[in-house]
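Asks: How does the following fold in three dimensions:
(2 chains)
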Amino acid sequence: MAEESPPAPGTRPGKGEPTGQDTRPGRVTPPGRVVEAVRAYRLIAAMWVRSTMAYRASFAMTTFGNFAATFFDFVAIMLMFSRVDALGGYTLPEVAFLYGLSAVPFGVADLAIGSMERLGRRVRDGTLDTLLVRPAPVLAQVAADRFALRRLGRVTQGTLVLGWSLTRVDIDWTAARLLLMPVMLLSGCAIFCAVFVAGAAFQFVAHDASEVQNSFTYGGTTLLQYPPTVFAKELVRGVTFVLPLAFVNWLPASYVLGRPYPLDVPEWAAFASPLVAAGCCALAGLAWRAGLRSYRSTGS
Amino acid sequence: MSDFIALENVEKVFEVRRKTGFLKRERREVRAVDALSFTVARGEMVGYIGPNGAGKSTTIKMLTGILTPSGGRLRVAGIDPSRERMRLAHRIGVVFGQRTTLWWDLPLIDSYRLAHRMYRIPDARYRENLDRLVELLDLGGLLDVPVRQLSLGQRMRGDIAAALLHDPEVLYLDEPTIGLDVVSKTKVRDFLRELNTERGTTVLLTTHDLQDIEQLCSRVMVIDHGRLVYDGTLAGLHEAGESERTLVVDLERELPPVEVTAARVVKVEGARQWLAFPAGQSAAPLVADLAARYPLLDLSVREPDIEAVIARMYAEKAVS
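Replies: Numbers count the residues shown, from 1 in each chain, chains lettered A, B, ... in the order given. Predicted coordinates:
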């Protein structure tokens, strides 16, 4: 591309033109891509928040609905425990601990970029093109698309359940266990974000795959809300080694609770969540690039 | 490099997969754009027309960096659009006639404020541009109205303003007058003419409305089956397509087909007759001739439609 750089301002042979366009005020040298992406994300997310506030009553109702739906989700688990004392060897506070550690990171990821599952619709109706002519990274624009504060309902509920569990569960707190808590929450959030991005990337190819994506995101978080000991070994293996959702809470939380993990994994695996999260994000990023490239070469 | 937009043998090939049976798929290559070469100088206003599926949108999408060409060389303002999409975005404005980029539930002004920040338009420049666009596009009373409450014509004007706030050097318009009433069409056309002459903005517009071209563009490019089949003036296009205008005359009473040298009668229905004459020719002598010899009540002239002109061009190409 070096052979085709635009002419430097002012070097164009006297055409009496106004100054070269690159020197006009406001042409900032492009800052880092990430900074640019975060900026675009915030701008667009803020617009969606304002849009939602155009219908305040509807916003209040859907936020409450979101909270209530997830609330009853946990009530179901409590009802189960009115019949049994333990589930897969886990007590109610322990299950609540797992539940919170799945619901909070998922809720945060869902709040931040959950609307990416609608990408297929934008591809189908052609409105993705309007995003591609803006001076902002497409991933950031799609991630912020239809940003919805009502999803705070799920985060709130997850936080309450986690908080309650911490007052009841019997943990022998060590420095390592304490440190693992924020690490677990952040890594889990990153892993779920990666799943959302990868799912969206897949929709460049299969436009109506949002249901497939839902089975991994919503399905994944529901799975993680129960102890790994209640599931078949094959499933646990798949969730540990293939789609490594187990690193969101199962593995690190087992360590914090001092319970053996149903699979034969080394102890350091409990601390591997950040690495796994980084790997997932890298893969998701590659998938996104491939998806976008395929869209731009086929236009559909 | 004095050409602002330059295409050299640009092509775009899509691979289409079609189901031909259970699990069986047939692959087929479709050349949406084939060996397309043209240049547009800074400040030109060009109409880009052609039947549906001819490759118009594909061309625009390649020029805006949405699509990557399969071959050839393409530059806009010296930039390779598909490689430097974001850098190009600062220098182009795009209006998709059928898809608004405005924020549906928010007041119009909010969409402009977003552009202000997203394009990093300096404050003074933003205010100056906004004031000018609001005045020229007659948006004064609409800035605080949610976009969903605007009429189609108002929304189109709003979209055009949104595409111009960052002073783009070229404006792409895809069907800017589609679905608009006559008054709105006139407003949009007047504005585009002013934008082009006063500010020297290069304009490339696709349209199905021949009047858009007639009133705005000194140059027309016709594309069909992915190839450029005509590039020149509108008058030349009429000539090439041997297009005809139609004079509809209402006589006082039913008469046999009128006899005039400059036109031929194509249809008679009671006292009304349809006369076809070459589009490049003035209707005045014809009307004078008719009025002198026949009892005229009323008359009107119908413009040729662009699809018919192109279709005829094709029919001839196929023969010769």
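Asks: what does the stretch 51-200 of chain A put close to chain B?
Replies: A:51, A:54-55, A:126-127, A:129-130, A:132-137 (Cβ under 8 Å from any Cβ of the partner chain). C-beta coordinates here come from the backbone N, C-alpha and C atoms, glycine included.
Asks: Now do stretch A:242-260: distance to the chain's middle.
Replies: A distance of 18 Å separates the centroid of the chain from that of stretch A:242-260, by Cα atoms, centre = their mean, to the nearest Å.
Asks: no wait, stretch A:178-185
Replies: Chain-centre distance of stretch A:178-185: 18 Å, with Cα atoms, centre = their mean.
Asks: Can you name the residues in contact with that stretch?
Replies: Stretch A:178-185 is contacted from outside by A:101, A:104-105, A:248-249, A:252-253, A:255-256, A:270-271, A:273-274, using Cβ atoms under 8 Å, 6 or more residues apart in numbering or on different chains.
Asks: three-state assignment of the nearest residue to residue B:289 once chain neighbours are set aside?
Replies: Among residues not flanking residue B:289 along the chain, residue B:260 sits closest, at 5.4 Å (Cβ to Cβ, 6 or more residues apart in numbering or on different chains). Under DSSP: H, G, I helix; E, B strand; the rest coil, residue B:260 falls in the coil class.
Asks: Run a quick check on residue B:260 versus residue B:273, I expect a contact.
Replies: No - the pair residue B:260 and residue B:273 fails to qualify as a contact (Cβ atoms under 8 Å) at a distance of 10.5 Å.
Asks: between the two, who's got more neighbours?
Replies: residue B:273 (23 against 18; other Cβ atoms under 10 Å in any protein chain shown).
Asks: Buried residues in the helix or strand harbouring the more buried one, which are they?
Replies: Assigned by DSSP states H and E, residue B:273 falls within strand B:272-278. Judged by neighbour count using 16 or more other Cβ atoms under 10 Å in any protein chain shown, the buried positions of strand B:272-278 are B:273, B:274, B:275, B:276, B:277.
Asks: cool, and stretch A:48-68?
Replies: Buried residues in stretch A:48-68, counted by 16+ other Cβ under 10 Å: A:48, A:51, A:52, A:59, A:62, A:63, A:66, A:67.
Asks: do the same with stretch B:30-41
Replies: B:31, B:32, B:33, B:34, B:36, B:38, B:40.
Asks: For the fifth one, give the beta-bridge partners.
Replies: Assessed by DSSP bridges, residue B:36 has beta-bridge partners residue B:10.
Asks: One more: the last one?
Replies: For residue B:40, the residues forming beta bridges with it (DSSP bridges) are residue B:5.
Asks: again with the first one
Replies: On DSSP bridges, the residues paired with residue B:31 through beta bridges are residue B:13.
Asks: What ranges does the stretch 101-250 of chain A have for its helices?
Replies: A:119-125, A:128-132, A:138-144, A:152-168, A:175-205, A:210-224, A:233-237, A:250-257 (DSSP state H, counting those that start in this stretch).
Asks: and the buried residues of stretch B:30-41 as TSV, adding pLDDT?
Replies: What follows is the buried residues of stretch B:30-41, written out as TSV (pLDDT from 0 to 100):
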residue	pLDDT
B:31	88
B:32	90
B:33	93
B:34	91
B:36	95
B:38	96
B:40	96
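Asks: want to throw those into JSON lines with distance to residue B:49?
Replies: What follows is the buried residues of stretch B:30-41, written out as JSON lines (distance: Cβ to Cβ, whole Å):
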{"residue": "B:31", "distance to residue B:49": "19"}
{"residue": "B:32", "distance to residue B:49": "16"}
{"residue": "B:33", "distance to residue B:49": "15"}
{"residue": "B:34", "distance to residue B:49": "17"}
{"residue": "B:36", "distance to residue B:49": "14"}
{"residue": "B:38", "distance to residue B:49": "13"}
{"residue": "B:40", "distance to residue B:49": "15"}
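Asks: Return the closest of those with respect to residue A:219.
Replies: residue B:32 (39.2 Å; Cβ to Cβ).
Asks: The closest one and chain A, how far apart?
Replies: 8 Å (Cβ to the nearest Cβ, to the nearest Å).
Asks: I figured that residue hits residue B:55, correct?
Replies: Yes - assessed by Cβ under 8 Å, residue B:32 is found in contact with residue B:55 at 5.1 Å.
Asks: so what sits against both of these two?
Replies: Joint contacts of residue B:32 and residue B:55 (Cβ under 8 Å, 6+ apart) are B:12, B:226.
Asks: separation between the residue nearest to residue A:281 when sequence neighbours are not counted and residue A:207?
Replies: With sequence-adjacent residues excluded and distances taken as Cβ to Cβ, 6+ apart, residue A:281 is closest to residue A:194, at 4.8 Å. Using Cβ to Cβ, to the nearest Å, residue A:194 is found at 21 Å from residue A:207.
Asks: Which one's more surrounded, those two?
Replies: residue A:194 (24 against 16).
Asks: Which pLDDT value does the model give residue 254?
Replies: Since you didn't name a chain, this refers to chain A. If you check residue A:254, the pLDDT there is 95.
Asks: meant chain B, my bad for not saying
Replies: Looking at residue B:254, its pLDDT stands at 89.
Asks: out of everything not next to it in sequence, what's closest to residue B:169?
Replies: residue B:91 (5.3 Å).
Asks: roughly how far apart are the spatially most central residue of chain A and residue A:278?
Replies: Residue closest to the mean C-alpha point of chain A, counted by Cα atoms, centre = their mean, is residue A:193 at 2.3 Å. Going from residue A:193 to residue A:278 by Cβ to Cβ gives 12 Å.
Asks: what's the answer for residue A:192, then?
Replies: 14 Å.
Asks: before we move on, what about residue B:13?
Replies: Distance, residue B:13 to residue A:278, using Cβ to Cβ: 38 Å.
Asks: mind checking how far residue B:85 is from residue B:292?
Replies: 63 Å.
Asks: what number of residues lie near residue 83?
Replies: No chain was given, so I picked chain A. The burial count for residue A:83: 6, using other Cβ under 10 Å.
Asks: that's the other chain; I wanted chain B
Replies: Neighbours around residue B:83, by other Cβ under 10 Å: 12.
Asks: Residue A:173 now?
Replies: Residue A:173: 9 neighbours (other Cβ under 10 Å).
Asks: re earlier: ok, the residue nearest to residue B:289 - contacts?
Replies: B:275, B:286, B:289, B:290.
Asks: redo that, cut-off 7 Å
Replies: Listed by Cβ atoms under 7 Å, 6 or more residues apart in numbering or on different chains, the contact set of residue B:260 reads B:286, B:289, B:290.
Asks: helix, strand or coil for the first one?
Replies: Here residue B:286 is helix, with the state taken from three-state DSSP.
Asks: And for it, nearest residue in space, chain neighbours not counted?
Replies: residue B:262 (4.7 Å).
Asks: check contacts around the one you found.
Replies: With contact taken as Cβ under 7 Å, 6+ apart, residue B:262 is in contact with B:277, B:281, B:285, B:286, B:289.
Asks: neighbouring contacts of stretch B:10-23?
Replies: With Cβ under 7 Å, 6+ apart as the test, stretch B:10-23 has contacts from A:298, B:25-36, B:58, B:62, B:67, B:69-72, B:74.
Asks: nope, stretch A:212-228 is what I was after
Replies: A:87-90, A:95, A:98-99, A:102-103, A:106, A:117, A:192, A:195-196, A:199, A:236, A:239, A:243, A:245-246, A:248-250, A:261-262.
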